[in-house]
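Participant: Requesting a structural model of the entry that follows:
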Amino acid sequence: MDVQQAVILAGGKGTRLMPLTQDIPKPMVQVGGQPFLYWQVCYLRDQGVREILLLTSYLHEKIESHFQKNPVEGLSIRYSVEAEPLGTGGAVRHALPHLRESFWLINGDSFLDMDLSPVESLVAREGWDACLVTAPKGLVDVPGNVRVVKSLVKLYKKSALDRDGLDDVDAGVYLLKRSVIENGPTGIFDMGDYWPRLIERDTLGAYGVREKYFDIGTIERLKVFEEYVAERFR
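Facilitator: Here you go, the predicted model:
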């Protein structure tokens, strides 16, 4: 399996990052002198991805203008624009005409510096319809929301609490077959709404990592990632 396309959920407003996001969408917040999206797409290019599809909504023209003026060598960047917010799952469904047979899906506000090729090999070997990348909850400051048994996701709760006793965290990186989107719900919904059907059929796999997982949901977390960028990409 050689997955050439990555889809990035880049429609967030970033209300908790105000005033940084007053005039730009969340994924365009500056980190180390570049928009957060820049670091994501460069990482994906270095992993062998050649086509980026950005799912945009809020102030989408700011993203398009930036990459038109500052193209990233080795990448084709395209866009799927929501006229109104459809939720993360609805945004992917809206982009269905642009999706390849298999594709990576990445949250536009998180960063996980990992090798993607072992996930591709695992999915090809197991024949799963989709695979979540998961991290132990101790690596990130959020409650666990996934239960994994023998590399299969058995329970997924988007808004889990510590008392739910789930040990793994959805790390915001997914490998999916296009058929998952074709056969999924429609309308306004979240990515988690795709999973129950796959869990029931034992075709939702999990690949666990121990690499540091970052998100830029708050000013404090943004500063942590900026320190990482200064070290990782210097």
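Participant: Could you name the helices and strands sitting against the lengthiest helix in the chain?
Facilitator: Longest helix in the chain, counting residues (DSSP state H): helix 219-232. On a contact count with 3 or more C-beta pairs under 8 Å, 6 or more residues apart in numbering; DSSP states H and E, helix 219-232 meets strand 30-31, strand 213-215. Quick note: C-beta positions are derived from backbone N, CA and C, even for glycine.
Participant: Please produce CSV containing these, extended by distance to Gly127 and mean neighbour count.
Facilitator: Converted to CSV, these look like this (distance: least, C-beta to C-beta, whole Å; neighbours: other C-beta atoms under 10 Å):
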stretch, distance to Gly127, mean neighbour count
strand 30-31, 38, 18
strand 213-215, 27, 22
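Participant: Least reliable of these by average pLDDT, please.
Facilitator: Per-stretch mean pLDDT for the helices and strands packed on helix 219-232 is lowest at strand 213-215 (a mean of 84).
Participant: which helices and strands sit right next to that strand?
Facilitator: By 3+ C-beta pairs under 8 Å, 6+ apart, strand 213-215 packs against strand 110-112, strand 168-177, helix 219-232.
Participant: Parallel or antiparallel, list what pairs with that strand.
Facilitator: Here strand 213-215 is paired, per DSSP bridges, with strand 110-112 (antiparallel).
Participant: can you give me the strands in this structure?
Facilitator: Taking DSSP state E, the strands of the chain run over residues 5-9, 30-31, 34-35, 51-56, 76-81, 102-107, 110-112, 130-136, 146-149, 152-156, 168-177, 204-208, 213-215.
Participant: Brilliant, that's me finished.
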